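A.B. asks: Could you look at this predicted model? Sequence included:
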Amino acid sequence: MSATEAVETAELLTRAREALERYLEVHVDDDGALTFSHGDVPCVIQATRLGEGLTVLTLTCVVGWDLADGPELSIAVAERAGQGLFGTLGVGHSDNGVDVTLRYAFPAAGLDPAALGTLLMLVVSTASQLRTDLPGIA
């Protein structure tokens with residue numbers, strides 16, 4: 001990572017942290033990623049510079065983990081994924097069961113703190129609602 005990339009991603013993560021701290025307690029990991037929880041949903045924000053002038057934030061929320069792999073959950077996730085959520089709903093399989101995540105990536109440069117905080121909280125709130133709504137999670 002070049003010095004320019006490091007500065008751009010660090011600045012964007014600092015702005016995201018400041019925007020989220022209006023609503024939640026946010027931790028900065030050793031690698032600069034931001035971690036926090038909304039209700040029972042753990043989340044992480046990372047910044048990546050894709051190209052000159054294009055640095056994106058990626059927000060990942062773990063809606064549920066180590067869940068029973070059954071048709072009811074798969075159907076519910078597929079239905080919710082098609083409802084135009086903020087983010088992409090995904091299912092991953094592991095040795096311990098099924099994990100459900102909500103991911104949202106977007107170019108955040110130029111967003112003022114209030115707009116950035118609102119956008120991030122829309123995604124996080126959606127993840128928390130999914131945790132309540134999807135069968136076999138709560």
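C.D. replies: Cool, the structure landed.

A.B. asks: Note down every partner strand of the lengthiest strand in the chain and its orientation.
C.D. replies: When the chain is parsed with DSSP state E, its longest strand is strand 54-67. Strand 54-67 pairs in its sheet with strand 41-51 (antiparallel), strand 97-107 (antiparallel), by DSSP bridges.

A.B. asks: Assumed Ser18 was part of a helix.
C.D. replies: Heads up, residue 18 is Glu, not Ser. Yes - read with DSSP: H, G, I helix; E, B strand; the rest coil, Glu18 is one of the residues of a helix.

A.B. asks: Any stretches of the protein with poor pLDDT?
C.D. replies: Along the chain, segments meeting pLDDT under 70 span 1, 84-85, 138.

A.B. asks: Try it again at 80.
C.D. replies: Scanning the chain for pLDDT under 80 picks out 1, 4-5, 82, 84-85, 138.

A.B. asks: And for it, the residue most distant from the center?
C.D. replies: Farthest-out residue of the chain from its mean C-alpha position, per Cα atoms, centre = their mean: Ala3, at 25.8 Å.

A.B. asks: quick one, what contacts that residue?
C.D. replies: Ala3 is in contact with no residue at all, counting by Cβ atoms under 8 Å, 6 or more residues apart in numbering. Where C-beta positions appear, they are placed from N, C-alpha and C, glycine not excepted.

A.B. asks: for it, phi and psi?
C.D. replies: In terms of degrees, to the nearest 10, the main-chain angles of Ala3 are phi -60, psi -40.

A.B. asks: From Thr9, how far out is it?
C.D. replies: Computed with Cβ to Cβ, to the nearest Å, the distance linking Ala3 and Thr9 is 11 Å.
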